[in-house]
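J.: Okay, sequence plus prediction incoming.
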Amino acid sequence: MTARTTTRPDRLRTDEAGRPEGAAAVVIGGGLAGITAALELADAGLRVTLVEGRPRLGGLAFSFNRGELTIDNGQHVYLRCCTAYQWFLDRVDALHLAPLQDRLDVPVLDVGHPSGRPRLGRLRRTALPVPLHLAASLATYPHLSLAERAGVGRAALALRGLDPLDPALDGVDFATWLRRRGQSARTVEALWDLVGVATLNATADRSSLGLAAMVFKTGLLSEPGAADIGWAHVPLGELHDTRARAALDAAGVRIALRTRASRISRGAGGGWHVDTEAGPSAAERLDAGIVVLAVPQRETHALLPEGALEDPDRLLGIGTAPILNLHVVYDRKVMRQPFLTALGSPVQWVFDRTDSSGLAALDGAGQYLAVSQSAAQDDIDRPVAELRERYLPELERLLPAARGAVVRDFFVTRERTATFAPTPGVGRLRPHAPTNAPGLYLAGAWTATGWPATMESAVRSGLNAAGAALSELGRPHRDPLWEAAV
């Protein structure tokens with residue numbers, strides 16, 4: 001193996017406090033966190049290299065080809081309150097490709113009703129102020145009794161009084177808190193977990209009260225439109241790879257794909273050496289004043305230089321949770337809604353991906369549905385044949401038009417470590433962006449953003465890392481989230 005050392009014309013310098021003053025930065029990881037950090041650092045005038053081991057950008061929110069179709073590895077959505085992700089979409093000129101609903105409207109189909117007949121309810125808002133914006137929807141929500149609906153209102157008012165950043169909330173599970181507020185098992189299933197599993201990737205009993213409070217306060221109890229849902233109407237690869245790469249190129253970022261960082265070490269001048277490998281005979285050493293580690297927690301742990309964190313092993317205590325996606329291509333249209341969610345069935349959320357995958361242009365008669373299953377510990381390792389046998393009849397229960405339809409294709413995508421697990425106590429394990437090593441910063445949805453493991457958290461972490469780096473360098477920079485707020 002022959003190593004090539006990158007020589008930079010501007011030598012790395014440090015100030016009297018030992019802080020790096022070099023104008024070079026290396027970002028390790030090309031997911032949303034890394035892309036965001038690279039864009040912010042480049043926009044501030046630093047010369048940035050982005051290193052990514054995969055042949056594409058986008059991390060765990062990506063697309064791939066299957067025959068003539070373009071498939072997303074999983075269904076990803078965001079909410080109107082996700083201001084960082086909207087900033088990201090705007091920054092890569094893709095905001096118009098992932099529009100938001102005019103108003104929150106979620107069809108909820110219960111196929112487990114004692115009558116044996118499916119019952120359709122809807123969670124939707126009005127233009128009234130919080131909390132009245134959801135009052136009409138809850139008052140007529142058919143999946144809860146009158147007493148259960150009243151109990152939801154009382155629990156929501158109690159949630160409004162919680163501070164999600166209170167460390168005491170981190171150690172309590174959400175289910176215990178809900179039981180103490182009189183929430184029945186049916187209410188948890190038909191409302192709290194309906195939202196919580198999709199956003200937290202965990203059921204209430206496995207979720208930190210702090211993270212749950214953050215989700216419900218921000219999404220449902222802050223602004224009337226905060227929970228309006230947006231999703232990509234094109235393949236995710238168009239947003240997170242193609243357009244992100246174009247934005248990085250325009251910003252002057254050097255992108256090194258199929259390149260893995262193997263070691264980070266201190267340079268003699270106070271900066272950093274990042275050793276990379278792009279194959280058995282393609283090693284390179286990058287010199288930088290700033291390094292942003294934007295990779296998963298275990299990979300971060302393996303790359304951290306000694307002393308960068310007081311207790312680096314706490315990163316290994318941050319667990320992971322899986323997400324399973326089932327992809328079904330029918331020979332005809334079987335669902336009229338763009339998406340729906342289910343009760344009384346193992347099916348969670350179903351999305352119509354006919355247009356975005358390219359199927360509509362190939363075959364106007366067929367329909368492609370993506371079934372998104374969060375907190376999928378029980379199903380993640382089931383064989384495809386077993387999943388097919390389990391879920392196709394469930395889709396027929398939900399969608400009568402699917403009965404008799406021909407299934408042209410059925411396949412599965414699995415992300416076994418899709419998110420960090422939001423278990424009670426995880427908050428104290430999540431590190432902030434700065435480390436004890438000057439010039440070295442952490443990013444990723446699993447870091448201390450205050451958000452669960454969402455695209456929003458990933459982008460916020462990249463902004464946090466870049467902002468901390470630029471502050472340490474004494475470089476003026478603007479906070480895009482603050483600017484959006486004002």
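T.: Here it is on my side, so go on.
J.: Residue 206 contacts residue 421, doesn't it?
T.: Yes: using CB atoms under 8 Å, residue 206 is in contact with residue 421, at 7.2 Å. Quick note: C-beta positions are derived from backbone N, CA and C, even for glycine.
J.: Now for residue 260, how many residues are close by?
T.: 17 (other CB atoms under 10 Å).
J.: Dig out what it forms beta bridges with.
T.: Counting by DSSP bridges, residue 260 is bridged to residue 277.
J.: ok, which stretches of the stretch 1-150 of the chain are helices?
T.: 32-43, 83-91, 135-139, 146-160 (DSSP state H, counting those that start in this stretch).
J.: Then the stretch 351-486 of the chain?
T.: Assigned by DSSP H, counting those that start in this stretch, the stretch 351-486 of the chain shows helices spanning 354-357, 359-362, 384-398, 455-473, 480-485.
J.: tell me what the fourth one is packed against?
T.: Judged by 3 or more CB pairs under 8 Å, 6 or more residues apart in numbering; DSSP states H and E, the packing partners of helix 455-473 are helix 32-43, helix 83-91, strand 290-293, strand 440-442, helix 480-485.
J.: helices or strands up against the first one?
T.: With contacts defined as 3+ CB pairs under 8 Å, 6+ apart, helix 32-43 has these neighbours: strand 24-28, strand 47-51, helix 83-91, helix 244-250, strand 290-293, helix 455-473.
J.: buried sites along the longest strand along the chain?
T.: Ranked by number of residues, the top strand in the chain under DSSP state E is strand 407-420. By 16 or more other CB atoms under 10 Å, the buried positions in strand 407-420 come out as 410, 412, 413, 414, 415, 418, 419, 420.
J.: wait, which of those is closest to residue 197?
T.: residue 419 (11.6 Å; CB to CB).
J.: all strands of the stretch 151-300 of the chain, in order?
T.: Remark: strands assigned in the stretch 151-300 of the chain by DSSP state E, counting those that start in this stretch are 229-231, 254-256, 260-266, 272-277, 283-288, 290-293.
J.: Residues in contact with the first one: which ones?
T.: If you take CB atoms under 8 Å, 6 or more residues apart in numbering as the criterion, strand 229-231 is touched by 75-80, 82, 98-101, 104, 106, 339, 351.
J.: how about 7 Å then?
T.: By CB atoms under 7 Å, 6 or more residues apart in numbering, the residues outside strand 229-231 that reach it are 76, 77, 78, 79, 98, 99, 100, 101, 104.
J.: Any chance of a ChimeraX selection covering the buried ones in these?
T.: Here is the ChimeraX selection string for the buried members of the contacts of strand 229-231, based on 16+ other CB under 10 Å:
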select :76,77,78,79,98,100,101,104
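J.: sorry, back to before: return the most buried member of the helices of the stretch 351-486 of the chain.
T.: Across these, the average number of neighbours (mean count of other CB atoms under 10 Å) peaks for helix 455-473, which reaches a mean of 25.
J.: State the mean pLDDT of that helix.
T.: Average pLDDT, helix 455-473: 97.
J.: What lies in contact with that helix?
T.: For helix 455-473, the external contacting residues (CB under 7 Å, 6+ apart) are 19, 21, 31-37, 40-41, 44, 61, 76, 78, 82, 84-85, 88, 290, 292, 294, 433-434, 438, 441-445, 447, 449, 451, 477, 479-481.
J.: Just the buried ones out of those, please.
T.: 21, 31-37, 40-41, 44, 61, 76, 78, 82, 84-85, 88, 290, 292, 294, 433-434, 438, 441-445, 447, 449, 451, 477, 480.
J.: Now residue 345: which helix or strand?
T.: For residue 345, there is no enclosing helix or strand under DSSP states H and E.
J.: pretty sure it is in contact with residue 394, am I right?
T.: Yes: counting by CB atoms under 7 Å, residue 345 touches residue 394, with 5.0 Å between them.
J.: What's the separation between residue 223 and residue 157?
T.: 17 Å (CB to CB, to the nearest Å).
J.: Neighbour count: those two, which is higher?
T.: Neighbours were counted for residue 223 and for residue 157 using other CB under 10 Å; residue 223 has more, 15 against 12.
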